[in-house]
Each structure stands twice: as structure tokens, then as C-alpha cells.
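>>> sequence unavailable; structure follows:
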């Protein structure tokens, strides 16, 4: 299924199997395509990244990209427009889960690659700019010698 | 919750659990819980099993440290933790 090993591989596989392979309101090919679209290419990516078979409707593809890259920008109007275009709640639920799972696995793989010292592809999230977290000046241990 | 089905469309066992959570906590149920309880065989079930193993299973990291990692990651994602 994928190239990951380690103590959580069985959990990853079960989740991928249920999201990608169970019968639902969308064809499994579409869910695979959505997941692959949301998952940046990675040296560890498995076969599902190479299955760009199914076409994703343009409106759904734009939504998938938004969920994958900056989910906090999704609005009520985004979902309302998709529903007006004929996508049911269950179709949107499955597409959202597939996109989020793909994005999450991509980040997990990049993180694990970084820990191993393997060069990773650029992080698409870097376009959101540097994160605002700075070390706290009081975080140095207080009164301890 | 933006999807009506995920807000109100739960099957009976999950609907009962959501009612119980509301009664006990006296608050509205967080959207993440409603999402995990919606069609759990598709997503919520295996996701919860994975989360439980990662966050509470055997690990060199303490539970508190793992929760801190999760909170930090959520902040980077601009996501309420």
C-alpha cells in the first residue's frame, strides 16, 4: 500500500483502506485521485500517488487544494457553491476526508524524511509564510540554577 | 459544521453517544467529534484507533509531550486545538 514502516504502519493501512476502498457515495477512483492530489510527492509515496486516473471536477479540485493547503480558509460559501453545483453532503464529506488524509500523510512523510536526513520536496505550506511562534523569554527554566 | 449531514445525519448509536456527551458536558459537541462519529466505518473508526495508538500507546514521549506536539501542529495549521 505504501512505503511506510514502523509501529503505526498497520493503523495507517487500515485507515487508507477504509477511506479509499470501502463503498461510498463517490467512486473509489475519485477518492484515490483526491488523496494523490492533496499529497505532495515524496520519496516515500506509495502506489496511490501514481493513480492519477480519475478526473476531479474543476470546482471540486479547487476545494481539494484549499483543504489540503490552507483548510482554515474554507468558507460556508465554498460549501454552499459546491452543493448548488450538485455535490451531495456525503460526496463532499468523502472528498474532504480524502484530501485531508492525503495532505496529512504528505506532511508525515516529509517530517519522517527530515528526521532521517533525506532531502524532502519543498513544503507547499511554506507559502503561508513563517510561523509566528517565537521562543518565550521565560521558557528557560525560571528559578532553577 | 458546514455539512448538514455531518451535523445532524448520524445513525442511532452515534446519535445516542452525542446526546450523552451533550448531557454530561452540558456543552455543544465539538465539530471534530461529530465528524469522527459520522459514518465511523469510513473514517472515524480507524482514525480514532490510530490516534489512540499514537497519543496514548507505548512511546518514548509522555502523553503531555504528545499533546503539546499536537497543539503546536494545530497552531501552525491555524486550526483550533
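Ah, there it is. As the structure is a prediction and not an experimental result, all values here were calculated from the model.
>>> give me the distance between the residue sitting furthest away from the middle of chain B and residue A:38.
Distance from the centre of chain B peaks at residue B:60, with 23.6 Å (C-alpha atoms, centre = their mean). Note on residue B:60: its distance to residue A:38, by C-beta to C-beta, to the nearest Å, is 30 Å. Quick note: C-beta positions are derived from backbone N, CA and C, even for glycine.
>>> excluding sequence neighbours, find me the nearest residue to the residue positioned nearest the centre of chain B.
In chain B, the residue lying closest to the centroid (C-alpha atoms, centre = their mean) is residue B:33, at 4.0 Å. The spatially closest residue to residue B:33, leaving aside those adjacent along the chain, is residue B:21, at 6.8 Å (C-beta to C-beta, 6 or more residues apart in numbering or on different chains).
>>> for the one you found, which three-state class applies?
helix (DSSP: H, G, I helix; E, B strand; the rest coil).
>>> next one, pLDDT for it please.
Residue-level confidence at residue B:21 comes out at 95, pLDDT.
>>> ok, it to residue B:49 distance?
Counting by C-beta to C-beta, the gap from residue B:21 to residue B:49 is 19 Å.
>>> compare neighbour counts for these two and give me the winner.
residue B:21 (17 against 14; other C-beta atoms under 10 Å in any protein chain shown).
>>> all helices for chain A, in order.
Along chain A, counting by DSSP state H, helices occupy A:9-21, A:28-38, A:58-70, A:76-84, A:89-116.
>>> so can I have a markdown table of those showing mean neighbour count, distance to residue B:39 and mean pLDDT?
Shown next, in a markdown table, are the helices of chain A (neighbours: other C-beta atoms under 10 Å in any protein chain shown; distance: least, C-beta to C-beta, whole Å; pLDDT from 0 to 100):
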| stretch | mean neighbour count | distance to residue B:39 | mean pLDDT |
| --- | --- | --- | --- |
| helix A:9-21 | 17 | 10 | 95 |
| helix A:28-38 | 22 | 13 | 96 |
| helix A:58-70 | 18 | 18 | 95 |
| helix A:76-84 | 14 | 18 | 96 |
| helix A:89-116 | 20 | 7 | 94 |
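>>> may I see those helices organised as JSON lines, with distance to chain B added?
Output for the helices of chain A, formatted as JSON lines (distance: least, C-beta to the nearest C-beta, whole Å):
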{"stretch": "helix A:9-21", "distance to chain B": "4"}
{"stretch": "helix A:28-38", "distance to chain B": "10"}
{"stretch": "helix A:58-70", "distance to chain B": "8"}
{"stretch": "helix A:76-84", "distance to chain B": "4"}
{"stretch": "helix A:89-116", "distance to chain B": "4"}
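>>> so which of those is nearest residue B:64?
Residue B:64 lies closest to helix A:89-116 among those, at 20.2 Å (C-beta to C-beta).
>>> now that closest one and helix A:58-70, what's the angle there?
Counting by axes from the mean of the first three to the mean of the last three C-alpha atoms, to 10 degrees, helix A:89-116 lies at 40 degrees to helix A:58-70.
>>> helix A:89-116 - contacts with which helices or strands?
helix A:9-21, helix A:28-38, helix A:58-70, helix A:76-84, helix B:4-8 (3 or more C-beta pairs under 8 Å, 6 or more residues apart in numbering or on different chains; DSSP states H and E).
>>> that's all I had, so thanks and see you.
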